[in-house]
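**Q** following is a predicted model, sequence given first.
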Amino acid sequence: MEAVFISPRLILASASPRRSRLLRELGLAFDVIPSTIDESVIHHPDPAELVKLLSAAKAQQVAEAEGDGIVIGSDTIVVLDGKVLGKPESHEDAVRMLRMLSGRVHQVYSGVCVVDAASGRKLCDCSVTDVRFRELSDDTIQSYIRTGEPDDKAGAYAIQGFGSLLVESICGDYFTVVGLPVGMLAGMLDEFGVRVL
């Protein structure tokens, strides 16, 4: 009798519609169970380590609560001159961030952590991509903010939306900037018996 490969249950520990869409486009079946960790209490001076710590905390919290399945945690931050730009707290804050990014190169870090809830085994990694913005006029910044897109985005922009119009070039992985480096994730999932290809 031929062996039947049964994929383990897959869980995304994120409420991000962008991450869900990317996983669906890969043909993966998964549950969405967002973590409820307090991200403000997790700190590290190295952005790469910070996104790995945040990703791990999200995945581990959901893994412990569920008890079974392969859990994916992810986090994305925008860094300019070594300073982390979080989600804008107001219209004025979004204007401030976009003015800072205008005409300059910044880095986007996306961390991924995959945890086997049953065994506690985990793999964590990080991807970084350089993004150069074109020079932005105040009118362009205001028009972009009126789209509502910057409201819940690190660095006040989304490259997969109207934010693409702000970007002059990228050096690295596009999906890192979207918020989930899928190539890296596929390799990690393979280690847990979840085949993407």
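**A** Nice, I can see it. Given the structure is predicted, the values throughout are model-derived calculations rather than measurements. Numbering: from 1, shown residues only.
**Q** CA atoms for contacts and neighbours, from now on please.
**A** Fine.
**Q** so, low pLDDT: which residues of the chain?
**A** For the chain, the stretches with pLDDT under 70 are 1-7.
**Q** so where's the longest helix in it?
**A** Using DSSP state H to assign secondary structure, the helix with the most residues in the chain is helix 47-66.
**Q** which strands and helices sit next to that helix?
**A** The contact analysis (3 or more CA pairs under 8 Å, 6 or more residues apart in numbering; DSSP states H and E) places helix 47-66 against strand 70-80, strand 105-116, strand 122-133.
**Q** and the next helix or strand past the first one?
**A** Past strand 70-80, further along toward the C-terminus, the next helix or strand under DSSP states H and E is strand 83-85.
**Q** that following strand: how far from the chain's middle?
**A** Strand 83-85 sits 15 Å away from the centroid of its parent chain (CA atoms, centre = their mean, to the nearest Å).
**Q** strand partners of it, parallel vs antiparallel please.
**A** Applying DSSP bridges, strand 83-85 is found paired with strand 70-80 (antiparallel).
**Q** the partner strand to helix 47-66, inter-axis angle?
**A** Using axes from the mean of the first three to the mean of the last three CA atoms, to 10 degrees, the inter-axis angle of strand 70-80 relative to helix 47-66 is 150 degrees.
**Q** pull the distance from strand 70-80 to the chain's centre.
**A** Per CA atoms, centre = their mean, the displacement of strand 70-80 from the mean C-alpha position of its chain is 4 Å.
**Q** and stretch 32-43, by the same measure?
**A** Per CA atoms, centre = their mean, the displacement of stretch 32-43 from the mean C-alpha position of its chain is 13 Å.
**Q** could you number the chain from 39 rather than 1 from now on?
**A** Yes, from this point I'll number from 39; that puts the last item at stretch 70-81.
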